[in-house]
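Enquirer: Just need the structure, nothing else, for what follows:
(one chain, ligands or ions: 1)
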Amino acid sequence: MAFNTEESRQLYERTVGVLIEASSSSSRGPANFGKYPIFMERGRGSCIYDVDGNEYIDWMMAFGALPLGHAHPEVVEAITGAVATGAHFATATPIELEVAEMLQLMVRNAERVRFANTGTEAVMAAIRLARGVTGRPKILKFEGHYHGWHDDLLVSSNVVPVSSLGLRSDPVKVPDSSGLNRSALDDTIIVPWNDLPALQRAIENHPGQIAAIITEGIMANMGVIPPAKGYLQGLQDLAKTNGILFILDETVTGFRIAPGGCQEYYKLSPDLVTFGKALGCGLPVAALCGRAEVMDALQWGGVLHYGTHNGSRIGMFAARANLRVLTRDNNTAFRHTWRIAERLCEGYRHLFQKKGIGVIVQNVGPMFQLMFTDQPAIRDYREFCQHVDRAAFQKFVLSLFEFGVYASPSAALHSIVTLAHTDEDVDRTLEAAEKALETVA
Ligand SMILES: Cc1ncc(COP(=O)(O)O)c(C=O)c1O
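Expert: Predicted coordinates:
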């Protein structure tokens, strides 16, 4: 039967005049998905099903929020059990303590834990805490890194023409949105990533002014760009010697790269770490963790952090089930996702080479992205903006849909391997990719 998304099209038409861009986030609408987005109805394991009954192998996995795939039975049981006994109390609860203790076992610097709902909220709390503890106003972030949609850091994280970015030695701050509080941006310093001399210069230019350096451990919002060897350690040393706090944003990499995230994988020792996405296994759970000396300033009368839904019971039960599965049998889940990802990435590399198409595959373990480019590697934001053909990527992904494979059509995002993905999914995806390439050629 021919691929048909008529039901999605009709639903999309109904959204016009009701929902903006058909959904609740600009990353889900027609800007990324062509004429209209596909409306999804259910998910199971590695697959997602749309309203027209089409099945897709899902490599987007809710932008990384589903490390076990869809509807993992232990998570379903945990959630239904929690709902039946009261969704949320907004009181102290034993389950919150239990999940915090699990985080302490997995994440080395999690001497203290605070829960929030989204990565954005956890980062906002980290920034306020850094300013409060150091008494300094400025936050240093990197070009092409995204840390949520709040005002302070919403700069130079969209893909823009490279000519608008100014010189590497004096980057132009490009706001990602209208409506930002421009004075918040006055205290944001931006620096190209993977460039220690540039970081050192920026620190020297603002003596005693910088409260924190915030970085993603692996750039995950410009495809996938790994840190250069020794870069994150160098960053950490520069922060330490200058009395600047080091915030590692593991919203994407947490509970994905290793049980202890990039902190463990790259042997880092950040002051504060933020988690989100994969922690709640589909429920909105985020966490701010860190050294006791810094985190204890969140006590009443210090740095304020509230939130009615923080530590929701359903989310906490989901997180406990999730972390149990992820760490079972000496962290088998992590070995599985790394192995499946290596097979898929190698398969893609081989396919594009065979077809003579200029595509590179960049990955760190289970996070990967295909980049349509004539370059041998993409190492930072500027190279991404200049050398990655996003339209070609989008065309390819939209054509994959027709052959039963789903991924984000945004070249700046990435795909994710979960515990639910199998060798058969890899084979089917590579077959679909070959057919999709023939269609778009
Ligand atoms: C590195 C990073 N930090 C923070 C966020 C914000 O997380 P959330 O969408 O849960 O607010 C994201 C979201 O993609 C992210 O990639």
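Enquirer: Now do the buried residues in the helix or strand hosting Ile203.
Expert: Under the criterion of DSSP states H and E, Ile203 resides in helix 196-205. Counting neighbours by 16 or more other CB atoms under 10 Å, one finds that the buried residues in helix 196-205 are 196, 198-199, 202-203. Bear in mind the C-beta positions are built from the backbone N, C-alpha and C, glycine included.
Enquirer: Give me the neighbour count for Cys281.
Expert: For Cys281, the count of nearby residues is 29 (other CB atoms under 10 Å).
Enquirer: Same question for Thr91.
Expert: Using other CB under 10 Å: Thr91 sits among 8 other residues.
Enquirer: which one of the buried residues of helix 196-205 is nearest Lys173?
Expert: Of all the buried residues of helix 196-205, Ala202 has the smallest distance to Lys173: 12.4 Å, by CB to CB.
Enquirer: Quick check: the closest one touching Pro192?
Expert: No - using CB atoms under 8 Å as the test, Ala202 is too far from Pro192 to be in contact (9.6 Å).
Enquirer: from the stretch 51-200 of the chain, which residue is nearest to the ligand?
Expert: Of all residues in the stretch 51-200 of the chain, the one sitting closest to the ligand is Gly119 (2.4 Å; CB to the nearest ligand atom).
Enquirer: per-residue pLDDT, that residue?
Expert: Per-residue pLDDT puts Gly119 at 98.
Enquirer: Report all helices and strands that the longest helix anywhere in the chain contacts.
Expert: Under DSSP state H, the helix in the chain containing the largest number of residues is helix 313-355. Contact here means 3 or more CB pairs under 8 Å, 6 or more residues apart in numbering; DSSP states H and E; on that basis helix 313-355 packs against helix 73-84, helix 94-106, strand 359-364, strand 367-372, helix 423-440.
Enquirer: strands paired with the third one, and their directions?
Expert: When pairing is defined by DSSP bridges, strand 359-364 lines up against strand 367-372 (antiparallel).
Enquirer: circling back to that earlier point, average model confidence for the helix holding Ile203?
Expert: Mean predicted lDDT for helix 196-205 stands at 98.
Enquirer: Packing partners of that helix?
Expert: Using 3+ CB pairs under 8 Å, 6+ apart: helix 196-205 touches strand 138-142, strand 188-191, helix 231-241.
Enquirer: orientation of it relative to helix 231-241 in degrees?
Expert: If you take axes from the mean of the first three to the mean of the last three CA atoms, to 10 degrees, helix 196-205 sits at 20 degrees to helix 231-241.
Enquirer: tilt between helix 196-205 and strand 138-142?
Expert: Going by the same axes, to 10 degrees, helix 196-205 makes 170 degrees with strand 138-142.
Enquirer: Please enumerate residues in contact with helix 196-205?
Expert: Residues from elsewhere that reach helix 196-205, judged by CB atoms under 8 Å, 6 or more residues apart in numbering: 140, 168-169, 189, 191-192, 210, 213, 231, 234-235, 238, 242, 244.
Enquirer: repeat that for 10 Å
Expert: 138, 140, 142-143, 168-171, 189-193, 195, 209-210, 213, 215, 228, 230-231, 233-235, 237-239, 241-242, 244 (CB atoms under 10 Å, 6 or more residues apart in numbering).
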